[in-house]
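Peer 1: sequence first, predicted model second:
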Amino acid sequence: MPARRNRNSTLRCDADQIEREAKRLVDTYSDLILRLCYSALGSADDAQDICQDTLIKILQRTQPFDSLEHERAWVIRVALNACRDIGRTHANHPVVDLDSLPDFCAPVTHTEQEFAQRDCAILSAVTALPQAQRIAIFLHYYAGMSIREIADAVHATPAATAQHLSRGRASLRLSLKGDHNDYEFEWLSPRPGAHFVYR
């Protein structure tokens, strides 16, 4: 009988440890994965599916990471690979756009509506960028990654990554502000509802 109690307490301890690790991973990476995948695909549903799959994969991984930076790069790489897979699937299978359906919600105030329109314009401009530029912009401004870190995560050279970032910035300046050169933008710190800032 003592062996059974010992085994049950060990299983309970393992379950508690897995639950703590799952909570840490969700707290640390879920927002990053969701935003990255939404930026890459433009679909909240696909982003949520990839987020869940990525977090399950990291929980099932038995090989330890060298550092937190290695863990973060691995998470980004797995999420981007899943985005590419879904992108290929969508290219071969047509998707019905349900965004045109009316959204039933409480009326928004004038100020909230202005913010929503501005954020919608920014999101439209970012999602109109080619995928490589979209991902570079997102990882640099939202995730705070350097050009070298982005290059490692997307398996590109630093020069190509810098070029994607530069071209993405130039396209956003043109589409968001026209020909005015006094426009600058930055991605705010990682938090829900982060957005570009006009200066």
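Peer 2: Thanks, I have the structure now. All figures in this text were calculated on a predicted structure; none of them were measured in a lab.
Peer 1: rest of the way, CA atoms for contacts and neighbours
Peer 2: Fine.
Peer 1: now the helix or strand hosting Ala136: mean pLDDT?
Peer 2: Assigned by DSSP states H and E, Ala136 belongs to helix 131-141. Summarised as a single mean, pLDDT over helix 131-141 is 89.
Peer 1: ok, residues contacting the helix or strand following it?
Peer 2: Next along the chain after helix 131-141, taking DSSP H and E as the criterion, comes helix 147-154. For helix 147-154, contacts defined as CA atoms under 8 Å, 6 or more residues apart in numbering pick out 73-74, 76-77, 80, 136, 139-140, 157-158, 160-162.
Peer 1: list only buried entries from those.
Peer 2: 73-74, 76-77, 80, 136, 139-140, 158, 161-162 (16 or more other CA atoms under 10 Å).
Peer 1: redo these as a markdown table? Include secondary structure and distance to Tyr29.
Peer 2: Putting those into a markdown table (DSSP: H, G, I helix; E, B strand; the rest coil; distance: CA to CA, whole Å) gives the following:
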| residue | secondary structure | distance to Tyr29 |
| --- | --- | --- |
| Ala73 | helix | 11 |
| Trp74 | helix | 11 |
| Ile76 | helix | 9 |
| Arg77 | helix | 12 |
| Leu80 | helix | 13 |
| Ala136 | helix | 18 |
| Leu139 | helix | 13 |
| His140 | helix | 16 |
| Pro158 | helix | 24 |
| Thr161 | helix | 23 |
| Ala162 | helix | 24 |
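Peer 1: of these, closest to Leu59?
Peer 2: Trp74 (12.4 Å; CA to CA).
Peer 1: pLDDT wise, what is Ala170 at?
Peer 2: Value for Ala170, per-residue pLDDT: 89.
Peer 1: next, count neighbours for it.
Peer 2: Counted with other CA atoms under 10 Å, the neighbours of Ala170 add up to 12.
Peer 1: do Gly144 as well
Peer 2: By other CA under 10 Å, 16 other residues sit near Gly144.
Peer 1: pLDDT at Asp46, what is it?
Peer 2: 89.
Peer 1: as a check, name the ranges of all strands in the chain.
Peer 2: Taking DSSP state E, the chain contains no strands at all.
Peer 1: quick check: angle from the helix holding Ala136 to helix 147-154?
Peer 2: Angle, helix 131-141 to helix 147-154, by axes from the mean of the first three to the mean of the last three CA atoms, to 10 degrees: 130 degrees.
Peer 1: quick one: contacts of helix 131-141?
Peer 2: For helix 131-141, using CA under 8 Å, 6+ apart, the contacting residues are 36, 39-40, 126-127, 145-147, 150, 161, 164-165, 167-169, 186-188.
Peer 1: one step back: what's the farthest-apart pair in the buried ones among the contacts of helix 147-154?
Peer 2: Trp74 and Ala162 (20.8 Å).
Peer 1: report the mean per-residue pLDDT for the lengthiest helix in the chain.
Peer 2: Ranked by residue count and defined by DSSP state H, the top helix of the chain is helix 2-41. If you average the pLDDT over helix 2-41, you get 77.
Peer 1: and it with helix 131-141, angle?
Peer 2: Using the same axes, to 10 degrees: helix 2-41 against helix 131-141 is 120 degrees.
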